[in-house]
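Student: below are the sequence and a predicted model for it; my questions follow.
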Amino acid sequence: MARQRAEAERRRKRRNKWFLQGGIGLGIIAVAAIVTLVIVNVNSANTVSATGPKNMITGAIQFTGKDGKVTPVETGAVAANATASPAPTANADGAASVVEYVDWACPVCKQFEAAYADQILDKVKSGDATLAIHPVSILDRNYQNSRYASRAANAAMCVANYDPDKFLDVQTQFFDNQPEEGTKGLTNAEIADLVKQGGATGSKVSECLSTEQFKGWVTKTTDAVLADPALQGTQGFGTPTVVVNGERLANLTDVISKIDAAAK
(Lines give C-alpha, C1' and ligand atoms only; values in the text may rest on other atoms or scores of the structure.)
Protein backbone atom coordinates (compact mmCIF):
# COMPACT_ATOMS: atom_id res chain seq x y z
CA MET A 1 0.00 0.00 0.00
CA ALA A 2 2.87 2.38 0.83
CA ARG A 3 4.29 1.85 -2.66
CA GLN A 4 0.91 2.53 -4.24
CA ARG A 5 0.49 5.75 -2.24
CA ALA A 6 3.99 6.86 -3.19
CA GLU A 7 3.30 6.18 -6.88
CA ALA A 8 0.00 8.08 -6.73
CA GLU A 9 1.76 11.02 -5.08
CA ARG A 10 4.47 10.95 -7.76
CA ARG A 11 1.81 11.14 -10.49
CA ARG A 12 0.01 13.98 -8.70
CA LYS A 13 3.21 16.03 -8.34
CA ARG A 14 4.13 15.42 -11.98
CA ARG A 15 0.70 16.63 -13.15
CA ASN A 16 0.80 19.68 -10.86
CA LYS A 17 4.32 20.58 -11.99
CA TRP A 18 3.21 20.41 -15.60
CA PHE A 19 0.20 22.65 -14.99
CA LEU A 20 2.32 25.21 -13.11
CA GLN A 21 5.07 25.28 -15.72
CA GLY A 22 2.83 24.79 -18.70
CA GLY A 23 0.65 27.75 -17.89
CA ILE A 24 -3.06 28.25 -18.08
CA GLY A 25 -3.80 25.37 -20.41
CA LEU A 26 -2.77 23.26 -23.34
CA GLY A 27 -4.89 25.35 -25.65
CA ILE A 28 -2.50 28.29 -25.29
CA ILE A 29 0.74 26.32 -25.47
CA ALA A 30 -0.43 24.27 -28.39
CA VAL A 31 -0.12 27.27 -30.71
CA ALA A 32 3.59 26.44 -30.95
CA ALA A 33 2.75 23.05 -32.42
CA ILE A 34 0.16 24.27 -34.92
CA VAL A 35 0.87 23.74 -38.59
CA THR A 36 -0.20 26.64 -40.77
CA LEU A 37 -0.92 25.28 -44.21
CA VAL A 38 -0.34 27.82 -46.95
CA ILE A 39 -0.64 25.21 -49.67
CA VAL A 40 -1.87 21.67 -49.14
CA ASN A 41 -1.81 19.13 -51.91
CA VAL A 42 -4.83 17.09 -50.90
CA ASN A 43 -3.93 14.40 -53.41
CA SER A 44 -0.44 13.80 -52.05
CA ALA A 45 -1.58 10.98 -49.77
CA ASN A 46 -2.59 9.05 -52.86
CA THR A 47 0.56 9.70 -54.89
CA VAL A 48 3.28 8.57 -52.47
CA SER A 49 3.94 4.87 -53.01
CA ALA A 50 4.59 3.32 -49.62
CA THR A 51 3.57 0.19 -47.79
CA GLY A 52 2.39 0.87 -44.28
CA PRO A 53 3.52 -0.96 -41.15
CA LYS A 54 1.60 -3.87 -39.72
CA ASN A 55 -0.66 -3.19 -36.76
CA MET A 56 -1.52 0.30 -38.07
CA ILE A 57 -4.35 -0.40 -40.49
CA THR A 58 -6.00 2.93 -39.58
CA GLY A 59 -2.68 4.78 -39.49
CA ALA A 60 -2.62 4.26 -35.72
CA ILE A 61 -1.61 1.44 -33.43
CA GLN A 62 -4.55 0.55 -31.21
CA PHE A 63 -4.50 -0.76 -27.65
CA THR A 64 -7.22 -2.52 -25.73
CA GLY A 65 -7.28 -3.55 -22.11
CA LYS A 66 -8.71 -6.06 -19.71
CA ASP A 67 -7.97 -7.10 -16.14
CA GLY A 68 -5.27 -4.49 -15.76
CA LYS A 69 -3.37 -5.34 -18.94
CA VAL A 70 -2.92 -3.32 -22.14
CA THR A 71 -2.53 -5.21 -25.42
CA PRO A 72 -1.85 -3.94 -28.96
CA VAL A 73 -4.33 -4.95 -31.64
CA GLU A 74 -2.65 -6.90 -34.44
CA THR A 75 -3.61 -6.01 -38.02
CA GLY A 76 -2.19 -6.40 -41.49
CA ALA A 77 -0.34 -3.67 -43.37
CA VAL A 78 -1.80 -1.07 -45.72
CA ALA A 79 -0.77 -1.79 -49.31
CA ALA A 80 1.42 0.71 -51.15
CA ASN A 81 -1.41 1.72 -53.49
CA ALA A 82 -4.01 1.98 -50.71
CA THR A 83 -4.84 4.39 -47.91
CA ALA A 84 -5.42 3.72 -44.24
CA SER A 85 -8.88 2.61 -43.19
CA PRO A 86 -11.00 5.19 -41.33
CA ALA A 87 -10.59 4.98 -37.58
CA PRO A 88 -13.73 3.80 -35.78
CA THR A 89 -15.60 6.54 -33.94
CA ALA A 90 -17.07 4.19 -31.34
CA ASN A 91 -16.59 0.70 -29.94
CA ALA A 92 -19.32 -1.91 -30.05
CA ASP A 93 -18.70 -2.88 -26.42
CA GLY A 94 -19.30 0.67 -25.18
CA ALA A 95 -15.67 1.47 -24.39
CA ALA A 96 -14.69 5.03 -25.27
CA SER A 97 -12.59 5.31 -28.44
CA VAL A 98 -9.56 7.56 -27.90
CA VAL A 99 -7.29 8.50 -30.81
CA GLU A 100 -4.15 10.57 -30.25
CA TYR A 101 -2.26 12.19 -33.13
CA VAL A 102 1.27 12.75 -31.90
CA ASP A 103 4.67 13.86 -33.13
CA TRP A 104 7.43 12.40 -30.96
CA ALA A 105 9.37 15.63 -31.54
CA CYS A 106 6.50 17.74 -30.17
CA PRO A 107 7.06 19.40 -26.75
CA VAL A 108 3.32 19.85 -26.19
CA CYS A 109 2.80 16.13 -26.81
CA LYS A 110 5.40 15.45 -24.12
CA GLN A 111 3.52 17.72 -21.71
CA PHE A 112 0.20 16.08 -22.54
CA GLU A 113 1.62 12.61 -21.94
CA ALA A 114 3.14 13.69 -18.63
CA ALA A 115 -0.22 15.01 -17.49
CA TYR A 116 -2.61 12.38 -18.82
CA ALA A 117 -0.93 9.20 -20.10
CA ASP A 118 -1.24 7.29 -16.83
CA GLN A 119 -4.89 8.24 -16.40
CA ILE A 120 -5.77 7.29 -19.97
CA LEU A 121 -3.98 3.96 -19.67
CA ASP A 122 -5.88 3.27 -16.45
CA LYS A 123 -9.10 3.70 -18.46
CA VAL A 124 -7.77 1.28 -21.06
CA LYS A 125 -6.68 -1.28 -18.46
CA SER A 126 -10.15 -1.27 -16.93
CA GLY A 127 -11.82 -1.76 -20.32
CA ASP A 128 -13.50 1.66 -20.22
CA ALA A 129 -11.55 2.91 -23.25
CA THR A 130 -9.41 1.89 -26.19
CA LEU A 131 -6.39 3.95 -27.20
CA ALA A 132 -5.06 4.47 -30.71
CA ILE A 133 -1.80 6.38 -31.25
CA HIS A 134 -1.30 7.88 -34.71
CA PRO A 135 2.29 9.06 -35.27
CA VAL A 136 2.80 12.00 -37.63
CA SER A 137 5.74 14.21 -38.62
CA ILE A 138 5.05 17.95 -38.67
CA LEU A 139 8.03 19.46 -36.85
CA ASP A 140 11.07 18.77 -39.02
CA ARG A 141 11.41 22.52 -39.53
CA ASN A 142 12.11 22.99 -35.81
CA TYR A 143 15.19 20.75 -35.84
CA GLN A 144 17.56 22.46 -38.29
CA ASN A 145 16.17 20.47 -41.22
CA SER A 146 17.68 17.27 -39.82
CA ARG A 147 14.36 15.48 -40.42
CA TYR A 148 14.37 14.48 -36.78
CA ALA A 149 10.56 14.42 -36.51
CA SER A 150 10.30 12.20 -39.59
CA ARG A 151 13.02 9.85 -38.39
CA ALA A 152 11.31 9.60 -35.00
CA ALA A 153 7.98 8.83 -36.70
CA ASN A 154 9.69 6.10 -38.71
CA ALA A 155 10.99 4.67 -35.44
CA ALA A 156 7.44 4.60 -34.08
CA MET A 157 6.30 2.66 -37.12
CA CYS A 158 9.23 0.25 -36.96
CA VAL A 159 8.31 -0.65 -33.40
CA ALA A 160 4.60 -0.93 -34.23
CA ASN A 161 5.44 -3.27 -37.09
CA TYR A 162 8.06 -5.53 -35.49
CA ASP A 163 7.60 -5.26 -31.71
CA PRO A 164 4.18 -3.71 -30.95
CA ASP A 165 4.19 -4.84 -27.31
CA LYS A 166 7.06 -2.40 -26.71
CA PHE A 167 5.47 0.59 -28.44
CA LEU A 168 4.27 2.44 -25.34
CA ASP A 169 7.59 1.92 -23.54
CA VAL A 170 9.52 3.21 -26.55
CA GLN A 171 7.23 6.22 -26.80
CA THR A 172 7.96 7.01 -23.15
CA GLN A 173 11.69 6.90 -23.89
CA PHE A 174 11.31 9.37 -26.76
CA PHE A 175 9.31 11.84 -24.69
CA ASP A 176 11.57 11.50 -21.64
CA ASN A 177 14.65 12.14 -23.81
CA GLN A 178 13.13 14.63 -26.24
CA PRO A 179 15.75 17.01 -27.70
CA GLU A 180 15.17 20.74 -27.53
CA GLU A 181 13.68 22.49 -30.51
CA GLY A 182 16.27 24.52 -32.41
CA THR A 183 18.84 21.72 -32.17
CA LYS A 184 19.49 19.04 -34.77
CA GLY A 185 17.54 16.54 -32.71
CA LEU A 186 18.83 13.03 -32.16
CA THR A 187 21.18 11.16 -34.47
CA ASN A 188 20.14 7.84 -35.97
CA ALA A 189 22.35 6.07 -33.45
CA GLU A 190 20.70 7.92 -30.57
CA ILE A 191 17.25 7.05 -31.94
CA ALA A 192 18.27 3.38 -32.12
CA ASP A 193 19.52 3.55 -28.54
CA LEU A 194 16.19 4.91 -27.27
CA VAL A 195 14.33 2.17 -29.10
CA LYS A 196 16.54 -0.42 -27.39
CA GLN A 197 16.04 1.23 -24.01
CA GLY A 198 12.30 0.86 -24.59
CA GLY A 199 12.78 -2.88 -25.04
CA ALA A 200 12.56 -3.24 -28.83
CA THR A 201 15.85 -4.98 -29.51
CA GLY A 202 15.26 -7.26 -32.50
CA SER A 203 17.47 -7.21 -35.58
CA LYS A 204 14.49 -6.40 -37.81
CA VAL A 205 13.77 -3.29 -35.77
CA SER A 206 17.39 -2.21 -36.11
CA GLU A 207 17.33 -2.73 -39.87
CA CYS A 208 14.05 -0.83 -40.15
CA LEU A 209 15.64 2.12 -38.36
CA SER A 210 18.86 2.12 -40.38
CA THR A 211 17.08 1.89 -43.75
CA GLU A 212 14.24 4.19 -42.66
CA GLN A 213 11.88 1.53 -43.97
CA PHE A 214 8.68 3.52 -43.48
CA LYS A 215 9.96 6.88 -44.72
CA GLY A 216 7.39 6.93 -47.52
CA TRP A 217 4.56 5.93 -45.22
CA VAL A 218 5.46 8.72 -42.77
CA THR A 219 4.94 11.22 -45.59
CA LYS A 220 1.82 9.51 -46.85
CA THR A 221 0.01 9.24 -43.54
CA THR A 222 1.04 12.72 -42.37
CA ASP A 223 -0.23 14.28 -45.59
CA ALA A 224 -3.53 12.44 -45.17
CA VAL A 225 -3.92 13.79 -41.64
CA LEU A 226 -3.09 17.34 -42.70
CA ALA A 227 -5.72 17.16 -45.43
CA ASP A 228 -8.49 15.91 -43.11
CA PRO A 229 -10.82 18.82 -42.25
CA ALA A 230 -12.22 16.93 -39.26
CA LEU A 231 -8.82 17.21 -37.55
CA GLN A 232 -8.33 20.93 -38.13
CA GLY A 233 -8.47 23.46 -35.32
CA THR A 234 -9.00 27.18 -35.74
CA GLN A 235 -5.34 27.59 -36.76
CA GLY A 236 -4.92 24.34 -38.67
CA PHE A 237 -3.74 20.94 -37.51
CA GLY A 238 -1.49 20.69 -34.48
CA THR A 239 -0.15 18.03 -32.16
CA PRO A 240 -1.34 16.60 -29.96
CA THR A 241 -4.79 16.25 -31.45
CA VAL A 242 -7.10 14.01 -29.44
CA VAL A 243 -10.37 12.53 -30.69
CA VAL A 244 -12.85 10.82 -28.34
CA ASN A 245 -15.69 8.87 -29.97
CA GLY A 246 -15.22 10.86 -33.17
CA GLU A 247 -15.13 14.28 -31.48
CA ARG A 248 -11.93 16.32 -31.77
CA LEU A 249 -11.30 17.92 -28.41
CA ALA A 250 -11.04 21.69 -28.52
CA ASN A 251 -9.70 21.70 -24.96
CA LEU A 252 -7.26 18.90 -24.21
CA THR A 253 -7.71 19.31 -20.47
CA ASP A 254 -11.20 17.81 -20.94
CA VAL A 255 -9.82 14.46 -22.08
CA ILE A 256 -10.61 12.43 -18.95
CA SER A 257 -14.10 13.85 -18.49
CA LYS A 258 -14.82 13.21 -22.19
CA ILE A 259 -13.66 9.61 -21.86
CA ASP A 260 -15.84 9.12 -18.80
CA ALA A 261 -18.85 10.59 -20.60
CA ALA A 262 -18.29 8.41 -23.68
CA ALA A 263 -17.80 5.12 -21.81
CA LYS A 264 -21.06 3.21 -21.46
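Tutor: It's in. Remember, predicted model here, so these are calculated numbers, not experimental data. Residues are numbered from 1 along each chain as shown.

Student: now the residue sitting nearest the centre point of the chain: closest residue in space that isn't a chain neighbour?
Tutor: Relative to the mean C-alpha position of the chain, the nearest C-alpha, by CA atoms, centre = their mean, is the one of residue 102, at 3.5 Å. Across the structure, with CB to CB, 6 or more residues apart in numbering as the measure, the residue nearest residue 102 apart from its sequence neighbours is residue 109 (4.6 Å). Where you see a C-beta, it was placed from the backbone N, CA and C, and this is true even at glycine.

Student: from the contact counts, what lies against the one helix or strand the one you found maps to?
Tutor: Of the helices and strands defined by DSSP states H and E, residue 109 is found in helix 107-125. Packing partners of helix 107-125 (3 or more CB pairs under 8 Å, 6 or more residues apart in numbering; DSSP states H and E): helix 2-22, helix 26-29, strand 61-66, strand 69-72, strand 96-102, strand 129-135, helix 167-176, helix 255-262.

Student: from residue 122, how far off is residue 244?
Tutor: The spacing between residue 244 and residue 122, counted by CB to CB, to the nearest Å, is 15 Å.

Student: give me the more crowded residue out of the two.
Tutor: Here residue 244 and residue 122 are compared on neighbour count by other CB atoms under 10 Å; more neighbours surround residue 244, at 25 against 16.

Student: burial measure for residue 76, as a count.
Tutor: By the measure other CB under 10 Å, the count of residues near residue 76 is 10.

Student: which ones are touching it?
Tutor: With contacts taken as CB atoms under 8 Å, 6 or more residues apart in numbering, residue 76 has the following neighbours: 54, 57.

Student: apply 6 Å and report the result again.
Tutor: If you count contacts by CB atoms under 6 Å, 6 or more residues apart in numbering, residue 76 has none.

Student: phi first, then psi, for it.
Tutor: Reported as degrees, to the nearest 10, the phi and psi values for residue 76 are phi -80, psi -180.

Student: where's it relative to residue 84, distance?
Tutor: Distance of residue 76 to residue 84, computed by CB to CB: 12 Å.

Student: again, but for residue 167
Tutor: 17 Å.

Student: who has more neighbours out of the two?
Tutor: Set side by side, residue 167 and residue 84 give different neighbour counts by other CB under 10 Å, the larger being at residue 167 (23 against 19).

Student: what sits against the residue nearest to the centre of the chain?
Tutor: For residue 102, the contacting residues are 109, 239-240, by CB under 6 Å, 6+ apart.

Student: ditto for residue 159
Tutor: Shown here is residue 159, whose contacts under the criterion CB under 6 Å, 6+ apart are 166-167, 170, 200.
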